[in-house]
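K.L.:
When you get a sec, could you give me coordinates for this:
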Amino acid sequence: MIYNPTFNTLLNFDNWAQTNISDTGLRGAIDDPNNNGVQNLLEFALGLTAPSSGKLSALPRATREGNMLKITHRRAIGVSGITTIYETSNDLSNPNNWTRQTPMSEAIVPIDSDAETVTVEIVVPAGTEKIFARVKVTQE
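P.N.:
Residues are numbered from 1 along each chain as shown. Next comes the predicted model:
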């Protein structure tokens, strides 16, 4: 995954996939042509380019501070056709145990003309010892 200076001209997933992925059979939202474990739709939402197998440092990360869970991630500017959802779970053994969360706050810091860093805060229920978080991207 690398910064793509022409990303802002690729405002929807289909254009992005056509430009960044040469194998037409691997342009689907859930495909992973570079085998880095990140599906195409998430790479698009983060403003990354699919063919690169570079560092995963741009992936979302979560930290807990008391009763707040902070999720920080890169987000492409000006893209359309996607929705970003924040979900939490206290049990990874059940894939259906994810709960959609509404952030209490959102802070946005520009990176460049194509991307920004987003940090959201989610309240952790009292008594919760462990919590897992994910950023889920869906197509509209």
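K.L.:
Now do the buried residues in stretch 84-94.
P.N.:
Within stretch 84-94, the residues scored as buried using 16 or more other CB atoms under 10 Å are Thr84, Tyr86, Glu87, Thr88, Ser89. C-beta: built from backbone N, CA, C; applies to glycine.
K.L.:
Only the C-alpha atoms, please, for that stretch, written as PDB.
P.N.:
Below are the C-alpha coordinates for stretch 84-94, written out as PDB (Å, rounded to 0.1, in the frame of the first residue of the first chain):
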ATOM      1  CA  THR A  84     -17.700   3.600   7.300                       C
ATOM      2  CA  ILE A  85     -19.100   1.800  10.300                       C
ATOM      3  CA  TYR A  86     -17.400   1.300  13.700                       C
ATOM      4  CA  GLU A  87     -18.100  -2.000  15.500                       C
ATOM      5  CA  THR A  88     -17.100  -3.600  18.800                       C
ATOM      6  CA  SER A  89     -17.200  -7.000  20.300                       C
ATOM      7  CA  ASN A  90     -16.100  -8.600  23.500                       C
ATOM      8  CA  ASP A  91     -15.900 -12.100  22.000                       C
ATOM      9  CA  LEU A  92     -14.000 -12.900  18.800                       C
ATOM     10  CA  SER A  93     -15.100 -16.600  18.800                       C
ATOM     11  CA  ASN A  94     -18.500 -15.600  17.500                       C
END
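K.L.:
got a list of contacts for that stretch?
P.N.:
45, 69, 71, 75, 97-103, 120, 122, 124, 128-138 (CB atoms under 8 Å, 6 or more residues apart in numbering).
K.L.:
In which helix or strand does Thr138 reside?
P.N.:
Under the criterion of DSSP states H and E, Thr138 resides in strand 132-139.
K.L.:
so what strands line up beside that strand?
P.N.:
Sheet pairing for strand 132-139, assigned by DSSP bridges, gives strand 82-89 (antiparallel).
K.L.:
now the strand it pairs with: mean pLDDT?
P.N.:
Per-residue pLDDT over strand 82-89 has a mean of 95.
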